[in-house]
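Engineer: only geometry, no sequence info:
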């Protein structure tokens, strides 16, 4: 058959029977859109968090009592420094501040601003930050979520923290952290380390935990053993463990959605198969007529293959494009809450576009092959029957 | 090929083209650098999970509490008792 005439007939058929195809395209687009959106969000989060993890220290040590982490003595810093092969030892002070009237919480982080590295990073992060005037008063930098929440509750410039000894500590909201950092810092409050100690009621010789780096990877296990010999009440957290936790956190969600996708896909394919193999369907009549006017089985299968391939390709591209727009342009409203939660401050995260072409290829194959099979098998079954019988 | 089909295919291809151009030209390095700066300053890389007070906010450093008995120890911590 002339290929131009075949193409013309194929496209004509697609538009003449558009009512038949629109339903299949619509359902396919919804399925592909949902699956791609979930996978786009999970791969973007995973990629961003694993990239950020590179900047974190290799180890964290904290004191434990009765299985719970408690405040760590500051003198441990000197003891840790004595171990060979350790660098960049730094204490951390952080914790959650519970805002009782609304049952919301903020993550308060104390930063040693007299440390050159920290102050440099902070100045590169927050444009036009005047560190001198920041340190001259009791001030804090707040994440976008905290700023919105406090403004809504009439804390325009200052917020009063209640310390464990019952006193109030009035702290100035100096500046807001950039919205690009919402993924990590939406509910974060950054303040000088001494101020954070005061708010949490920590002594001068106490910190939350201690972080350090071990540049030589081969020494990691050895260092853990040395730490356990040095302290009996210590909990050591490695960066490797956190990395695994991040991978599992979002793989689990991707996996769960993959199962739901498979269930939906199988149901959809069954419906398609059922429709095409119905005894009195228009498909049967159409194939019967084509066979009666002289089309071979091969020509009919070719027509059905191309017809389905167009439907599959159009639905796949539309589904993926819509998912991309939804996640990376409109920042996935509603769906992002499944990944980041919605029980505390609302978080508006800008997802960094990450496209895994291998993953998209797998989705396409898992979608296209069952779809083609669900159409071509019944079409072949009808095509091999005599035309007279098929048109009955 | 009929005209309507050509129009539909052109619209879909231009949408796909827009996505590819957006993907290629998006400056993801600056966002990543900003997040890395926050981690370098605070030494915390945990995502800002919007969770209730009894759920862990800083992953791997905080444990989930029982909402009914927040003071109760979590079961997965019992292994430390046996280790000692």
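Structural biologist: Arrived safely, thanks for sending. Computed from a predicted model, the values in this text were never measured in an experiment. Numbers count the residues shown, from 1 in each chain, chains lettered A, B, ... in the order given.
Engineer: where is the longest helix in chain B?
Structural biologist: Ranked by number of residues, the top helix in chain B under DSSP state H is helix B:3-25.
Engineer: so which residue of the stretch 51-200 of chain A comes closest to chain B?
Structural biologist: The stretch 51-200 of chain A approaches chain B most closely through residue A:67 (3.6 Å), counting by C-beta to the nearest C-beta. Backbone N, C-alpha and C define where each C-beta goes, glycine included.
Engineer: please report how far that residue lies from residue A:201.
Structural biologist: Taking C-beta to C-beta, to the nearest Å as the measure, residue A:67 falls 22 Å from residue A:201.
Engineer: could you measure from residue A:170 over to residue A:95?
Structural biologist: As judged by C-beta to C-beta, residue A:170 and residue A:95 stand 19 Å apart.
Engineer: so where's the stretch 1-150 of chain A shaky on pLDDT?
Structural biologist: Filtered on pLDDT under 70, the stretch 1-150 of chain A yields the residue ranges A:1-3.
Engineer: which residues of it fall in helices?
Structural biologist: Residue ranges of the helices in the stretch 1-150 of chain A, as given by DSSP state H, counting those that start in this stretch, are A:3-16, A:18-53, A:76-81, A:116-125, A:131-136, A:144-152.
Engineer: elements contacting the first one?
Structural biologist: In this structure, helix A:3-16 makes packing contacts with helix A:297-324, helix B:3-25, judged by 3 or more C-beta pairs under 8 Å, 6 or more residues apart in numbering or on different chains; DSSP states H and E.
Engineer: contact partners of it?
Structural biologist: With contact meaning C-beta atoms under 8 Å, 6 or more residues apart in numbering or on different chains, helix A:3-16 is reached by A:21, A:302-303, A:306-307, A:310-311, B:1-2, B:4-5.
Engineer: what's the angle between it and helix B:3-25?
Structural biologist: With axes from the mean of the first three to the mean of the last three C-alpha atoms, to 10 degrees defining the directions, helix A:3-16 sits at 90 degrees from helix B:3-25.
Engineer: now do the second one
Structural biologist: Angular relation of helix A:18-53 and helix B:3-25 on a 0 to 180 degree scale: 0 degrees, by the same axes, to 10 degrees.
Engineer: could you do the fourth one as well?
Structural biologist: With the same axes, to 10 degrees applied, the angle from helix A:116-125 to helix B:3-25 works out at 150 degrees.
Engineer: which residues touch helix A:116-125?
Structural biologist: Outside helix A:116-125, the residues touching it (C-beta under 8 Å, 6+ apart) are A:111-113, A:129, A:131, A:141, A:177-178, A:181, A:190, B:34, B:37-38, B:40-41.
Engineer: related to what we said a few turns ago, can you list the buried residues in the longest helix of chain B?
Structural biologist: Within helix B:3-25, the residues that count as buried by 16 or more other C-beta atoms under 10 Å in any protein chain shown are B:5, B:9, B:15, B:19.
Engineer: and the next helix or strand past that helix?
Structural biologist: Counting by DSSP states H and E, the element after helix B:3-25 in chain order, helix or strand, is helix B:28-42.
Engineer: poorly predicted segments of chain B, please.
Structural biologist: B:1, B:61-84.
Engineer: before we move on, back to that, which of residue A:170 and residue A:95 has more residues huddled nearby?
Structural biologist: Counted by other C-beta atoms under 10 Å in any protein chain shown, residue A:170 and residue A:95 do not tie: residue A:95 has more neighbours, with 21 against 11.
Engineer: from residue A:345, how far out is the closest residue in space to the more buried one that isn't next to it in sequence?
Structural biologist: Nearest non-adjacent residue to residue A:95, counting by C-beta to C-beta, 6 or more residues apart in numbering or on different chains: residue A:200, 5.1 Å away. As judged by C-beta to C-beta, residue A:200 and residue A:345 stand 20 Å apart.
Engineer: mind checking which of residue A:67 and residue A:201 has more residues around it?
Structural biologist: Using other C-beta under 10 Å, the more surrounded residue of residue A:67 and residue A:201 is residue A:67, with 17 against 12.
Engineer: what about residue A:267, distance to residue A:27?
Structural biologist: 10 Å.
Engineer: got the contact list for residue A:382?
Structural biologist: Listed by C-beta under 8 Å, 6+ apart, the contact partners of residue A:382 are A:283-284, A:287-288, A:390.
Engineer: look up phi and psi at the residue nearest the centre of chain B.
Structural biologist: What sits nearest the mean C-alpha location of chain B, by C-alpha atoms, centre = their mean, is residue B:47, with 6.1 Å. Here is the backbone geometry of residue B:47 (degrees, to the nearest 10): phi -60, psi 150.
Engineer: quick one: mean pLDDT for stretch A:219-238?
Structural biologist: Mean pLDDT, computed over stretch A:219-238, is 90.
Engineer: no, scratch that, I was asking about stretch A:316-324
Structural biologist: 95.
Engineer: strands of the stretch 151-300 of chain A, residue ranges please.
Structural biologist: A:158-162, A:168-176, A:188-192, A:206-207, A:209-213, A:234-238 (DSSP state E, counting those that start in this stretch).
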